[in-house]
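> Sequence unavailable; structure follows:
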């Protein structure tokens, strides 16, 4: 969650939404460009815990309440500030994505990209300039043929087990 309570009121205001707080929901890691995805048993446990938290947040929203503020620590403030100002604009792009020879040209990567940033050219995926690093193309590839530089090599791909 980082320091999102600082940023969300302004974002909601820009979108003409009413800010009602910020709820933290821990989900399984899928950003395999930097971290390891959990094994299935651990992922199921994380999702079940998240489900309880989501139900609590939904209950607050249904009753027009506000989500209680959570104390934001110094590390969360620093990492959110760095991510928002440096990491995202400098590192979040599609330059390091590529398909290995294992690619069968099925097009699944083009189907799952929420930004329509992946297209097939000569039966291989090509990435455009609108990548948000959601890792859907990597994690949904049925042949594990998509890599992100050397960062994703050998890492398990995460797909929600439920």
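Sure, I can see it. Being a predicted model, the structure only gives us computed values, none of them experimental. Numbering: from 1, shown residues only.

> What does residue 136 show for phi and psi?
Note on residue 136: backbone dihedrals following degrees, to the nearest 10 are phi -60, psi -40.

> Next: residue 102.
According to degrees, to the nearest 10, residue 102 has phi -70, psi -10.

> Name the nearest residue to the residue most central in space within the chain, ignoring sequence neighbours.
Here the mean C-alpha position of the chain is nearest to the C-alpha of residue 134 (Cα atoms, centre = their mean), at a distance of 4.5 Å. Excluding its sequence neighbours, the residue lying closest to residue 134 (Cβ to Cβ, 6 or more residues apart in numbering) is residue 114, at 6.2 Å. Bear in mind the C-beta positions are built from the backbone N, C-alpha and C, glycine included.

> Next: residue 83.
For residue 83, ignoring the flanking residues on the chain, the nearest one in space by Cβ to Cβ, 6+ apart is residue 2 at 7.1 Å.

> tell me the pLDDT at the one you found?
Looking at residue 2, its pLDDT stands at 85.

> host element of the closest residue to residue 84 other than its chain neighbours?
Beyond its immediate neighbours in the sequence, the residue positioned closest to residue 84 (Cβ to Cβ, 6+ apart) is residue 7, lying 7.2 Å away. In this structure, residue 7 is located in helix 4-14 according to DSSP states H and E.

> same question, residue 119
Under the assignment here (DSSP H and E), residue 119 is part of strand 118-121.

> partners of that strand, with directions?
strand 124-127 (antiparallel) (DSSP bridges).

> Please compute how far the strand it pairs with lies from its chain's middle.
20 Å (Cα atoms, centre = their mean, to the nearest Å).
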